[in-house]
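1. Let me see the structure of the following:
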Amino acid sequence: MFNTLITIGYKAKLSKDETVYKTVTSLTELLQAGIYSSSLAKVPIRQELDYIKFYLYLQKERFEDKIEYTIHIEDEAILDLLLPKLSVEPLVENAVVHGVEKKLGKGIIHIHIYRRIDSIYFEITDNGIKLRSKVSFAKTISQTIKIYKKGL
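-> Residues are numbered from 1 along each chain as shown. Below is the predicted model of the structure:
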């Protein structure tokens, strides 16, 4: 399957179709992240953000101008801290599916990552049809980061 996707991406690149190339590349990266590594794998926050950006790129292609997003990181140093792979991306996916997908008009998703004392917070907010969803799961993530940051 991945060879097929890589071939499609390669042909798109040769044809100078950057949209198809980037779409196939984003899909391939997300699929590989989910299939080829242990569910217990830890990745830097930086890599988790890449998965989120791949997902949001695909959704922007799907919905065109209907979705916008911002990512704000208060402290770039936290990008090297580890967390369980694909632990934040599903929260962003929920904001799209349950928040902005069914909304009339433009949907906006904000991702805010910050540190407070010994905790890292991920806030995912949207202007979707339901109440604004604000997800802060510092306890789970901060425990993971406290365990793994010693090795950095």
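2. center of this protein, which residue is that?
-> Nearest to the geometric centre of the chain sits Ile52, at 1.2 Å (Cα atoms, centre = their mean).
3. I'd say it and Ile113 touch.
-> No - contact criterion Cβ atoms under 8 Å: Ile52 and Ile113 do not qualify, at 10.3 Å. From N, CA and C alone the C-beta is placed, and that goes for glycine too.
4. overlap in contacts of the two?
-> Ile71 (Cβ atoms under 8 Å, 6 or more residues apart in numbering).
5. before we move on, the earlier item: which secondary structure elements does the strand or helix carrying the residue nearest to the centre of the chain sit against?
-> Assigned by DSSP states H and E, Ile52 belongs to helix 45-63. In this structure, helix 45-63 packs against helix 18-35, strand 67-73, strand 82-84, helix 89-94, strand 107-116, with contacts taken as 3 or more Cβ pairs under 8 Å, 6 or more residues apart in numbering; DSSP states H and E.
6. Adding mean pLDDT, distance to Asp126 and mean neighbour count, write the ones you listed out as a markdown table.
-> Listed next are those as a markdown table, based on pLDDT from 0 to 100; distance: least, Cβ to Cβ, whole Å; neighbours: other Cβ atoms under 10 Å:
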| stretch | mean pLDDT | distance to Asp126 | mean neighbour count |
| --- | --- | --- | --- |
| helix 18-35 | 72 | 20 | 16 |
| strand 67-73 | 94 | 9 | 15 |
| strand 82-84 | 88 | 21 | 19 |
| helix 89-94 | 87 | 9 | 18 |
| strand 107-116 | 90 | 5 | 18 |
